[in-house]
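J.: Got a predicted structure here, sequence first:
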Amino acid sequence: MPSSASPGRSALLIIDMQVGMFNGPQAPYEGPRVLATINALIAKAREAGAPVFAVRHTGPQGSALEPGSALSQLLPELAIDAVVDTVFDKARPNCFTGTGLAGWLADARVAELVIAGMKTEYCVDTTCRAAAELGFRPVLVADGHTCMDTPVLPAKAIIAHHNRTLSGPFVKLVNAAECRFTEQ
């Protein structure tokens, strides 16, 4: 795993920006703005030569998000290039569990993992915490993740809460405009 003392290389991880979640019955908070922000991050990563990873959450066979289903696919508006970028599936909130992500990052000499996508309180939160535990330096894009309102809290409050809670102990928090990718 990467050393926290080594500056290392950056990579971008985009979580669950897929048809069935983004275009579901409940729209994500500021969804179009977040999508545009993530596309700008993809462009920045490519310009810097940083690897881009996009993960899709899948459910069991027979579910709306079963692997390969129309709803499990990445948003067509997302600037992912499946020929250049690494696209993979997961079945758990942690993007590392049951996937090759940690190995792919290690093989690419990635130390810093820039994280964006959805849903804030589930897969974004869990992956930020896991990345730190695995020795990566997670960077959460404060204006690059989203979720939906819940019966308990509006999405805006959920996002603000997670930005505050994760910043410091688990992630470096940056706005997309301040996000920089390093190639080493």
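T.: Here it is on my side, so go on. Small disclaimer: the values here were computed from a predicted structure and weren't measured.
J.: what sits against Thr146?
T.: If you count contacts by CB atoms under 8 Å, 6 or more residues apart in numbering, Thr146 has them with Pro28, Tyr29, Glu30, Gly31, Val34, Met118, Lys119, Thr120, Ala155, Ile159. Backbone N, C-alpha and C define where each C-beta goes, glycine included.
J.: Ala54 belongs to a helix?
T.: No - counting by DSSP: H, G, I helix; E, B strand; the rest coil, Ala54 is not part of a helix but strand.
J.: how close does the residue at the greatest distance from the centre of the chain sit to Cys123?
T.: The centre of the chain is farthest from one residue, Gly62, which by CA atoms, centre = their mean lies 25.5 Å away. As for Gly62, its distance to Cys123 is 22 Å (criterion: CB to CB, to the nearest Å).
J.: quick one on the thing from earlier: got the contacts of Thr146 as a markdown table, with distance to Gly168 columns?
T.: As requested, the contacts of Thr146 are exported to a markdown table (distance: CB to CB, whole Å):
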| residue | distance to Gly168 |
| --- | --- |
| Pro28 | 26 |
| Tyr29 | 23 |
| Glu30 | 24 |
| Gly31 | 28 |
| Val34 | 23 |
| Met118 | 22 |
| Lys119 | 22 |
| Thr120 | 17 |
| Ala155 | 22 |
| Ile159 | 17 |
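J.: Which member of these is positioned nearest Arg180?
T.: Val34 (19.6 Å; CB to CB).
J.: Quick check: the closest one touching Cys147?
T.: No - in this structure Val34 lies outside contact range of Cys147 using CB atoms under 8 Å: 9.9 Å.
J.: Name the residues contacting each of the two.
T.: Here Val34 and Cys147 have Pro28, Met118 as joint contacts, going by CB under 8 Å, 6+ apart.
J.: Please name the nearest non-neighbouring residue to Ile14.
T.: Counting by CB to CB, 6 or more residues apart in numbering, Ala54 is the residue found nearest to Ile14 once chain neighbours are left out, at 4.5 Å.
J.: Tell me how many other residues crowd that neighbour.
T.: The number of residues packed near Ala54 is 25, by other CB atoms under 10 Å.
J.: Same check on the one 4 residues further on?
T.: Taking other CB under 10 Å as the neighbour definition, Thr58 ends up with a count of 20.
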